[in-house]
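# Quick one, fold the following:
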Amino acid sequence: MSNKLFASTHFSNGKIPLVISTWDAGINANKAAWHVLRNGGRALDAVEQGVMVTEAEQGCCVGLGAYPDRDGYVTLDASIMDEYGNCGGVAFLERIKHPISVARRVMEKTPHVLLVGNGAQQFAVSEGFPLEEEKLSDNAKKAYEEWLKKSQYKPVINIENTKKQNSYVPNKLNGLWNHDTIGMIAIDAKGNLSGSCTTSGMAFKMRGRVGDSPVIGAGLYVDNEAGAAVATGVGEEVLKICGTHLIVEMMRQNIAPEDACKKAVEKIVKRNGDKIKDIQVGFLAINKKGEYGAYSVQSGFNYALCYTDDNNQLIDAKHVLR
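Now for the predicted structure:
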């Protein structure tokens, strides 16, 4: 598959089937998702299997190999949503390797949408998910020890792209990191949409902090009649505008995916004033026609697009701030 980088366009030609996902981690995730889609599989299976690749990568900062909260514990959030409007999520989940799969079990086997903390872990274990060892990865341990010297918290925008070049960069960034997320949305050969989102949350966050990723309508939303959207960035800002629900509702009004993402980003920019220079949020969207788009607050956000066996490309999203 090609990893050629190119600029996004205002309008996209519809592609069915299609999968898109956030950041460069999406390249590997898309490969697993595309394997499902190319064989006529369901979009729901594609978006689960795709992000499981990222959750399992110890060198990546999603999953149990990620940076901990300020008390030294890795806590994970995830959500998933299918073409029927069914959805499930987990938050503040510890010691489970694949939170996205637990989120799917919540969707399919409980009357609830969101389970958190010990309850989410108990449910996962009851469903046969093994409890992993409570141990930080080598990179996370080094980063946490460095962070403890000052114990300051200040997110750094686009940190996903900085860390891909050097997984341990406390000296360069003064020990400060942002969140880490992979979001994925797909449309299958039958024209059905689904989405997933999984994250370790903001590095060195307050114990118990939960962002937008497990919250349906914030970090992820799917409506099979209109489209699907997923978010990455400072989760608090996405939560405050119900970002992905907003985008899907705009697509319902025949607004192009890229334009819908841009309007959501502009809403975040407007409400933050001068503070916006320290904030990054990016959105991805697909409509029912297989048209796709993305937009972000700052430059530096990119996403992976795959719609054929030899087309798996990393695309620079357009952005509001110059």
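# Give me the residue ranges of the protein where confidence is low.
1-12, 58-61, 152-179 (pLDDT under 70).
# Okay, helices next: where are they in it?
26-38, 43-56, 99-109, 117-126, 138-147, 159-165, 170-173, 235-241, 243-252, 257-272 (DSSP state H).
# mind checking which of these is nearest residue 66?
With respect to residue 66, and counting by CB to CB, the nearest of those is helix 138-147 at 6.4 Å. Any C-beta I mention is one placed from the backbone N, CA and C, and that applies to glycine too.
# how about TSV for the helices of the chain, with distance to residue 307 and mean neighbour count added?
Conversion of the helices of the chain to TSV gives the following (distance: least, CB to CB, whole Å; neighbours: other CB atoms under 10 Å):
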stretch	distance to residue 307	mean neighbour count
helix 26-38	8	23
helix 43-56	12	25
helix 99-109	22	23
helix 117-126	33	17
helix 138-147	33	18
helix 159-165	23	18
helix 170-173	35	13
helix 235-241	26	21
helix 243-252	19	24
helix 257-272	14	20
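# Can you get me a residue count around residue 148?
12 (other CB atoms under 10 Å).
# hang on, I meant residue 302
The tally of other residues near residue 302 (other CB under 10 Å) stands at 23.
# Same check on the one 5 residues further on?
With neighbours defined by other CB under 10 Å, the count for residue 307 comes to 22.
# ok, it to residue 183 distance?
Distance of residue 307 to residue 183, computed by CB to CB, to the nearest Å: 18 Å.
# check contacts around residue 91.
77, 114-117, 120, 210, 214 (CB atoms under 8 Å, 6 or more residues apart in numbering).
# Just the closest of those residues to residue 40, please.
residue 214 (29.6 Å).
# Spit out the contact partners of that closest one.
Counted by CB under 8 Å, 6+ apart, residue 214 has contacts 77-79, 89-91, 103, 114, 197.
# One more: residue 66?
60, 74, 76, 137, 140, 180, 200, 203.
# Leaving out the residues flanking it, which one is nearest to it?
Among residues not flanking residue 66 along the chain, residue 200 sits closest, at 3.2 Å (CB to CB, 6 or more residues apart in numbering).
# shouldn't the one you found be in contact with residue 69?
No - between residue 200 and residue 69 there is no contact under CB atoms under 8 Å: 9.2 Å.
# more crowded one of these two?
residue 200 (27 against 20).
# So the residue nearest to residue 66 versus residue 194, what's the distance?
Taken as CB to CB, the span from residue 200 to residue 194 is 22 Å.
# Over to residue 103?
Taking CB to CB, one finds residue 103 at 12 Å from residue 194.
# Ok, residue 135 next?
Counting by CB to CB - residue 135 and residue 194 are separated by 33 Å.
# Between these two, which is the more surrounded one?
residue 194 (28 against 11).
# Show me what that one is bridged to.
residue 186 (DSSP bridges).
# Then the one 4 residues further on?
Here residue 198 sits in beta bridges with residue 78, residue 182, going by DSSP bridges.
# what residues are up against it?
51, 54-55, 62-63, 76-78, 99-100, 103, 181-182, 213.
# now residue 222
So residue 222 contacts 81-83, 85, 87, 185, 193-195, 228, 248 (CB under 8 Å, 6+ apart).
# who's it bridged to?
residue 228.
# Please report how far it lies from residue 316.
For residue 222 relative to residue 316 (CB to CB), the value is 25 Å.
# what do you get for residue 226?
26 Å.
# which one of those two has more residues nearby?
residue 226 (21 against 16).
# Residue 144 touches residue 136, doesn't it?
Yes - taking CB under 8 Å as the definition, residue 144 is a contact partner of residue 136 at 6.5 Å.
# Need the overlap of contacts for these two.
68, 72.
# contacting residues for residue 215?
Residue 215 neighbours (CB under 8 Å, 6+ apart): 79, 89, 114, 239.
# residues contacting the first one?
Put plainly, it is residue 79. 87-90, 103, 114, 196-197, 213-216, 219-220.
# if you set the cut-off to 6 Å instead, what comes out?
Residues in contact with residue 79 (CB atoms under 6 Å, 6 or more residues apart in numbering) are 89, 103, 197, 214, 220.
# Widest-spaced pair of the residues you listed?
Pairwise across these, and taking CB to CB, the largest span is found between 103 and 220, at 9.9 Å.
# Against residue 264, how distant is residue 240?
11 Å.
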